[in-house]
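K.L.:
Need a 3D model of the sequence below.
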Amino acid sequence: MADVVVVHWPEQRDEITRLAEQRVPRLLLVAPAADPPEAGDVLQDWVRLPGDERDVRARLSGLRRRADEETAPVVDNHGRLLFRGSWVQLSPIHERLARRLLATSEGVVAERDLLSEGWPGGNPSSNALRVHLHRLRRYIAPLGLEIRGVRGEGWVLQRSRGAPEPK
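P.N.:
Below you'll find the model as predicted:
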């Protein structure tokens, strides 16, 4: 879950601008007499002080959910795997494997599905798949992503455990 920064409006207006540029989710606590800010982006919400604790919790939860959706890894049309403002270039085989793994949203993808996706029309071995997944792991690790095997089931592409959240 993404961390949400809580800031005071309008006192910390400059901080809000900086956080927005860095795509950091933020909850604005609006002073009682202040007008709320104009619409920001999906990573910004606000509540007027004094805010009900339930409303604040609901806003924080919504921001965390949107931030997680906003920062999902994706493979673009240029064969780049993008995640949290960084990217790595993928070979055609790695691109096809990554697309298939991402299509399940951190779900398990069976080995046979990865073999047919990675080598359409080919007949690769399980060993070839493992070699390519090992290489792909090295490429995506700096992005905070990992590929994990699920014994007897298949493979999962997910956020690394303990990977730092965006600042």
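K.L.:
same for the worst-scoring helix or strand of the chain on mean pLDDT, what does it pack against?
P.N.:
The helix or strand with the lowest mean pLDDT-type score in the chain, counting by mean pLDDT, DSSP states H and E, is helix 13-21 (a mean of 87). Under the contact criterion of 3 or more Cβ pairs under 8 Å, 6 or more residues apart in numbering; DSSP states H and E, helix 13-21 touches strand 5-9, strand 26-30. (Glycine included, C-beta is placed from N, CA and C.)
K.L.:
now the residue with the largest distance to the centre of the chain: how far from residue 136?
P.N.:
Relative to the mean C-alpha coordinate of the chain, counting by Cα atoms, centre = their mean, the farthest residue is residue 33 (36.4 Å). Separation of residue 33 from residue 136 (Cβ to Cβ, to the nearest Å) stands at 54 Å.
K.L.:
if we can go back for a sec, list phi and psi for the residue farthest from the centre of the chain.
P.N.:
Dihedral angles of residue 33 (phi, psi; degrees, to the nearest 10) stand at phi -90, psi 0.
K.L.:
who are the neighbours in contact with it?
P.N.:
Residue 33 makes no contacts at all, as judged by Cβ atoms under 8 Å, 6 or more residues apart in numbering.
K.L.:
which residue sits closest to residue 32, ignoring its sequence neighbours?
P.N.:
Spatial nearest neighbour of residue 32, excluding adjacent residues (Cβ to Cβ, 6 or more residues apart in numbering): residue 49 at 5.6 Å.
K.L.:
Give me the angle between the longest helix along the chain and strand 26-30.
P.N.:
When every helix of the chain is counted residue by residue (DSSP state H), the longest turns out to be helix 53-70. Calculated by axes from the mean of the first three to the mean of the last three Cα atoms, to 10 degrees, helix 53-70 forms an angle of 150 degrees with strand 26-30.
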